[in-house]
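Trainee: heads up, no residue letters with this:
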């Protein structure tokens, strides 16, 4: 099918979003991400504005700026998830079934693959390996492990949703879209292990039927207690 000319003035536009029978991928991410973020900010009980620079105390772990910063942001989150699942799989919780053992092994392998993908894609621009603090997690408890997995997976999906429209390079955007779809499958699986049938409730789906999104600032504020390494994200795009 021939691509329609989006420069044609006959194409209706609304608030800068092209409407040609479908929302373009970037426009949809901008519309969904910004709208959900705006709703989320209203509910944040903090005096810190969401678009303020976030200080995580780092000097040697500079994320960079623009797309590189966003890729390092995703890389940091994938490091966090991979480290968590590696520890889960190194000593499974008491009473784990063979089925759950297989599932958590798959989750570990997927997150390690994501981590290594970003490391390779970033090359010399990649941040160093981060250290994490999982002292709040009881790895011998099924409830504690599943609750933490749920928190990380939901956070990861909302992070990709919130950062996608900030990416300038469409190739990076396409790859991020492929990874977030896997993260969403992880999130649904973990939620179903906790309580069958809760894979898509109001906690993660908004009133418009869209996945919840969070800005990079919001995500890092939530993830900060688990990140032991001091990182420098002053030039990370946010909103």
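Mentor: Yep, it's here. Quantities reported herein were computed from a predicted structural model and do not represent experimental measurements. Numbers count the residues shown, from 1 in each chain.
Trainee: Can you show me the strands along this structure?
Mentor: Assigned by DSSP state E, the chain shows strands spanning 12-14, 17-19, 57-62, 231-232.
Trainee: Rounded mean pLDDT for the first one, please.
Mentor: Pointing back at strand 12-14 there. When pLDDT is averaged over strand 12-14, the result is 36.
Trainee: same question, the last one
Mentor: Averaging pLDDT along strand 231-232 yields 94.
Trainee: What of the longest one?
Mentor: When pLDDT is averaged over strand 57-62, the result is 78.
Trainee: Kindly report the same for the second one.
Mentor: Averaged across strand 17-19, pLDDT comes to 36.
Trainee: Low-confidence bits of this protein, can you list those?
Mentor: By pLDDT under 70, the weakly predicted segments of the chain are 1-55, 57-58.
Trainee: Recalculate using a threshold of 80.
Mentor: Per-residue confidence for the chain (pLDDT under 80) gives these ranges: 1-60, 197-202.
Trainee: can you give me the helices for it?
Mentor: Using DSSP state H, the helices of the chain run over residues 25-42, 66-90, 98-122, 142-163, 170-194, 216-223.
Trainee: nearest to residue 232, of those helices?
Mentor: Nearest of the helices of the chain to residue 232, taken as C-beta to C-beta: helix 66-90 at 9.9 Å. To be clear about C-beta, it is placed using only N, CA and C from the backbone, and glycine gets the same treatment.
Trainee: which helices and strands does that closest one pack with?
Mentor: Helices and strands touching helix 66-90, by 3 or more C-beta pairs under 8 Å, 6 or more residues apart in numbering; DSSP states H and E, are helix 98-122, helix 142-163, helix 170-194, helix 216-223.
Trainee: Show me what counts as buried in that helix.
Mentor: Buried positions in helix 66-90, judged by neighbour count with 16 or more other C-beta atoms under 10 Å: 67-85, 88.
Trainee: before we move on, the earlier item: let me have the helices and strands packed on helix 66-90 in a markdown table, extended by distance to residue 208 and mean neighbour count.
Mentor: Below are those laid out as a markdown table (distance: least, C-beta to C-beta, whole Å; neighbours: other C-beta atoms under 10 Å):
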| stretch | distance to residue 208 | mean neighbour count |
| --- | --- | --- |
| helix 98-122 | 28 | 16 |
| helix 142-163 | 13 | 22 |
| helix 170-194 | 17 | 17 |
| helix 216-223 | 19 | 21 |
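Trainee: TSV for those helices, including distance to residue 56?
Mentor: Putting the helices and strands packed on helix 66-90 into TSV (distance: least, C-beta to C-beta, whole Å) gives the following:
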stretch	distance to residue 56
helix 98-122	19
helix 142-163	15
helix 170-194	22
helix 216-223	7
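Trainee: Tell me which of these sits nearest to residue 131.
Mentor: helix 216-223 (13.3 Å).
Trainee: what angle sits between that closest one and helix 142-163?
Mentor: Angle of helix 216-223 versus helix 142-163, following axes from the mean of the first three to the mean of the last three C-alpha atoms, to 10 degrees, is 170 degrees.
Trainee: What is helix 216-223 packed up against?
Mentor: By 3+ C-beta pairs under 8 Å, 6+ apart, helix 216-223 packs against helix 66-90, helix 142-163.
Trainee: can you list these in TSV and add distance to residue 203?
Mentor: Below are the helices and strands packed on helix 216-223 laid out as TSV (distance: least, C-beta to C-beta, whole Å):
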stretch	distance to residue 203
helix 66-90	19
helix 142-163	7
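Trainee: wait, which of the helices and strands packed on helix 66-90 is closest to residue 204?
Mentor: Closest approach to residue 204 among the helices and strands packed on helix 66-90 (C-beta to C-beta): helix 142-163, 5.8 Å.
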